[in-house]
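J.: Build me a model:
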Amino acid sequence: MAALLHWLQHETSGLLVLCAAGIAALLVMIIRFRVEPFIALLVTGLLIALAAGLSPAEIVGTAQSSGESLLEDGFASILGHITAIIGLGAILGAMLEASGGAQLLTSRLLAAVGERRAPLAMGLAGLVFGVPVFFDIGIFVLAPLVHVVARQGGRSILRYCLPLVAGLSMTHAFLPPHPGPVVAAGLLGVDLGWIILMGLACGLPAFVVAGLLYPVWIGNRIHLPVPEEMLATADEMARERAENDRPTPGLGAVAVIIGLPMVLILGGTFGSIALPEGRLLSALTFLGNPTVALTIAVLLAFWALGTRRGMTGAQLSELTAGALRPLGMLLLVVGAGGFFGKVLAETGVGDALAGSLQATGLPMLVSAYVISSGLRIAQGSATVAIVTTGGIVAPLLASGEHSQAQLALIAVAIAAGSIIASHVNDGGFWIISRYFGIPVAEMLKSWMVLETILSVVAFAMAALLSAFAA
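T.: Prediction:
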């Protein structure tokens with residue numbers, strides 16, 4: 001028994017077996033026994049730490065002091081970075097949803113490109129409105145507009161809904177303030193400005209292929225009419241909007257609120273590269289902090305989309321509380337993932353895995369993508385795939401010298417892997433099927449393929465850019 005423990009805790013092969021067993025246990029708990037990912041990550045991290053020979057005091061601290069423990073350090077290291085960003089992003093998205101900003105944006109895009117190019121308008125609406133709102137909220141808000149446009153166009157609903165969900169998926173996977181890219185940035189130590197830049201550079205070409213070209217091709221081969229009950233719901237929501245006596249927000253206000261945080265964050269990131277020390281750099285650094293930038297945008301939204309349009313303080317408070325309510329489990333999953341990563345780093349599993357990956361000759365970018373893709377296909381959650389992969393990859397990067405651009409591209413590769421091959425174990429699969437009336441077989445032929453194209457093209461762009469990143 002002592003020899004087995006020594007092998008597990010000190011030999012490279014034993015540490016690799018320990019890592020593989022931990023990940024296998026994590027997947028079995030989530031897939032077979034339906035354990036919440038937060039609990040599964042926490043239990044797996046504790047078991048790996050104990051099996052690797054760490055003392056209870058190192059793992060959880062003592063009754064008198066737990067502040068220096070692996071458990072608390074793991075949670076704090078990631079939640080301290082992302083909690084405010086994700087919370088503020090959720091509030092910003094809720095304000096844009098409640099104000100009618102999404103409907104305004106979509107109607108203006110339709111007017112600009114014309115009815116014949118309605119799929120392009122749907123894709124651009126998903127792309128722009130997807131920046132501040134979560135994936136499922138974007139579908140809920142914009143689905144009725146898709147139903148109406150598809151009825152007017154008389155073509156398969158796939159031609160109209162797939163561009164929309166491709167835009168929402170791209171922003172959700174690659175751009176802050178969405179949880180995936182924010183978590184990846186926190187785990188890998190990347191400035192969010194670089195995440196935005198590389199996310200756009202890799203995500204936009206992927207969106208063009210998966211969200212604009214592929215829907216036209218598949219829409220000509222699979223004809224699905226808009227379900228009658230969906231049209232009835234769309235008409236009812238249109239009547240409710242017409243009866244709402246609040247003034248419609250201006251397009252300029254919506255555009256500024258969506259774009260301001262990204263501009264400020266990018267200004268802070270690249271101001272530190274291009275500008276000398278001084279007041280201007282200090283101001284850009286402060287305003288470009290993601291929490292500060294999103295706070296400014298939220299306050300502006302409270303005024304421009306809220307009080308200016310007749311909303312009371314009580315209504316704003318209720319809207320804010322509703323936006324923050326669903327974030328509890330998400331943050332717990334992310335925190336447990338931070339702990340899981342700390343365990344891998346502390347036990348030496350990360351160093352053993354790094355040596356094995358280097359021996360295979362695979363670049364870190366490819367390894368990160370493969371790990372994330374495997375986790376995504378196995379258990380369905382993009383967030384769990386990113387959190388787990390980030391926890392595995394972060395210790396491997398600590399010993400090397402990587403620029404911010406290189407780290408951002410690895411984060412993009414992880415995010416790209418986390419969306420590949422969406423199928424029946426993914427909640428988003430069923431949301432799309434329900435809201436657009438697409439049977440399972442057609443979902444596998446359309447949505448699953450779209451997500452795979454989005455993933456592969458984004459990864460290919462990251463691999464291409466990594467050849468030039470310094």
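J.: Not counting its neighbours along the chain, what's nearest the residue nearest the centre of the chain?
T.: In the chain, the centroid-proximal residue (CA atoms, centre = their mean) is Gly180; its distance is 3.1 Å. With CB to CB, 6 or more residues apart in numbering as the criterion, Gly180 has its nearest non-adjacent residue at 4.9 Å, and that residue is Ile386. Yep, even glycine has a C-beta here, placed from its N, CA and C like the rest.
J.: what about the one you found, helix or strand, and which?
T.: Using DSSP states H and E, the element containing Ile386 is helix 382-398.
J.: residue contacts, Ile258?
T.: Shown in contact with Ile258 (CB atoms under 8 Å, 6 or more residues apart in numbering): 96, 128-129, 131-132.
J.: Please repeat the previous calculation with a cut-off of 10 Å.
T.: 92-93, 96, 101, 105, 128-133, 297, 301 (CB atoms under 10 Å, 6 or more residues apart in numbering).
J.: Who wins on neighbours among those?
T.: With neighbours taken as other CB atoms under 10 Å, the top of the contacts of Ile258 is Pro132, carrying 34 neighbours.
J.: mind checking how far Ala184 is from Thr269?
T.: Using CB to CB, to the nearest Å, Ala184 is found at 16 Å from Thr269.
J.: what about these two, which has more around it?
T.: The neighbour count for Ala184 versus Thr269, taken as other CB under 10 Å, is higher for Ala184 (33 against 21).
J.: what about the nearest residue to that one once chain neighbours are set aside, neighbour count?
T.: For Ala184, ignoring the flanking residues on the chain, the nearest one in space by CB to CB, 6+ apart is Ala411 at 3.9 Å. The number of residues packed near Ala411 is 32, by other CB under 10 Å.
J.: Quick check, Ala411 in contact with Ile196.
T.: No: in this structure, Ala411 is not within contact of Ile196 by CB atoms under 10 Å, at 11.1 Å.
J.: tell me, what's touching those two both at once?
T.: Joint contacts of Ala411 and Ile196 (CB under 10 Å, 6+ apart) are 174, 181, 185.
J.: Got the confidence number for the residue nearest to Gly180?
T.: Here, the pLDDT recorded for Ile386 equals 91.
J.: Could you check how far it is from Ala394?
T.: Distance, Ile386 to Ala394, using CB to CB: 12 Å.
J.: Would you mind telling me which of those two has more residues around it?
T.: Taking neighbours as other CB under 10 Å, Ile386 and Ala394 compare with Ile386 leading, 29 against 24.
J.: Okay, now the unreliable bits of this structure?
T.: 63-67, 229-246, 350, 354-355, 357-358, 399, 470 (pLDDT under 70).
J.: That one: strands as residue ranges?
T.: Applying DSSP state E to the chain gives no strands.
J.: For Ala463, state which of the shared contacts of Ala411 and Ile196 is nearest.
T.: Phe174 (14.9 Å; CB to CB).
J.: does the closest one really touch Leu409, like I thought?
T.: No: in this structure Phe174 lies outside contact range of Leu409 using CB under 10 Å: 11.3 Å.
J.: residues shared between the contacts of these two?
T.: Common contacts of Phe174 and Leu409 (CB under 10 Å, 6+ apart): 195, 198-199, 201-202, 462.
J.: Show me which helix runs longest in the protein.
T.: The longest helix of the chain (DSSP state H) is helix 70-99.
J.: centre of the chain versus that helix, how much separation?
T.: Helix 70-99 sits 12 Å away from the centroid of its parent chain (CA atoms, centre = their mean, to the nearest Å).
J.: and the angle for that helix with helix 382-398?
T.: Going by axes from the mean of the first three to the mean of the last three CA atoms, to 10 degrees, helix 70-99 is angled at 130 degrees with respect to helix 382-398.
J.: which parts of helix 70-99 are buried?
T.: 70-75, 77-79, 81-99 (16 or more other CB atoms under 10 Å).
J.: re earlier: and which of the shared contacts of Ala411 and Ile196 is nearest Arg32?
T.: Of all the shared contacts of Ala411 and Ile196, Pro181 has the smallest distance to Arg32: 29.7 Å, by CB to CB.
J.: Skip the chain neighbours and tell me the closest residue to that closest one.
T.: Nearest residue to Pro181, sequence neighbours excluded (CB to CB, 6+ apart): Ile195, at 5.1 Å.
J.: For that neighbour, grab the count of nearby residues.
T.: Residues near Ile195, counting by other CB under 10 Å: 28.
J.: which residues touch it?
T.: Ile195 neighbours (CB under 10 Å, 6+ apart): 174-176, 181-182, 184-185, 188, 265, 269, 290, 404, 407-409, 411-412, 415.
J.: If you count neighbours, what's buried in stretch 5-12?
T.: Neighbour-count burial for stretch 5-12, counted by 16+ other CB under 10 Å, picks out 8-9, 12.
J.: Tell me which of these fall in helices.
T.: Using DSSP H, the buried residues of stretch 5-12 in helices are 8-9, 12.
J.: What segments of the stretch 51-200 of the chain are helices?
T.: In the stretch 51-200 of the chain, the helices defined using DSSP state H, counting those that start in this stretch lie at 56-60, 70-99, 101-113, 118-129, 135-153, 158-174, 179-188, 192-207.
J.: Can you lay out the ones you listed as CSV showing distance to Ala49?
T.: Formatted as CSV, the helices of the stretch 51-200 of the chain follow (distance: least, CB to CB, whole Å):
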stretch, distance to Ala49
helix 56-60, 5
helix 70-99, 7
helix 101-113, 45
helix 118-129, 42
helix 135-153, 33
helix 158-174, 31
helix 179-188, 18
helix 192-207, 30
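J.: just the helices in the stretch 301-450 of the chain please.
T.: Applying DSSP H, counting those that start in this stretch to the stretch 301-450 of the chain gives helices spanning 313-324, 327-347, 349-360, 364-379, 382-398, 404-417, 427-436, 440-466.
J.: Next one: Leu300 from Ala293, what distance?
T.: Here Leu300 is placed at a distance of 11 Å from Ala293 (CB to CB).
J.: what's the overlap in contacts for these two?
T.: Common neighbours of Leu300 and Ala293 (CB under 10 Å, 6+ apart) are 260-261.
J.: Give the closest residue to Thr291 in space, chain neighbours not counted.
T.: That would be Ala84: by CB to CB, 6+ apart, it lies 4.5 Å from Thr291.
J.: Equivalent analysis for Gly89, please.
T.: Per CB to CB, 6+ apart, closest to Gly89 is Pro177, 2.9 Å.
J.: I'd assumed Leu327 was in contact with the one you found.
T.: No: here Pro177 does not reach Leu327: they are 11.6 Å apart, not a contact under CB under 10 Å.
J.: Between the two, tell me which one has more neighbours.
T.: Between Pro177 and Leu327, counting by other CB under 10 Å, Pro177 is the more crowded of the two (29 against 17).
J.: That one: what's it in contact with?
T.: Shown in contact with Pro177 (CB under 10 Å, 6+ apart): 82, 84-90, 92-93, 131-134, 192, 261-262, 265, 290-291, 293-294, 297.
J.: for Leu162, same thing?
T.: Neighbours of Leu162 in contact, by CB under 10 Å, 6+ apart: 119, 122-123, 126, 146, 156, 210-212, 214-216, 218-219, 432, 436, 438, 446-447, 449-450.
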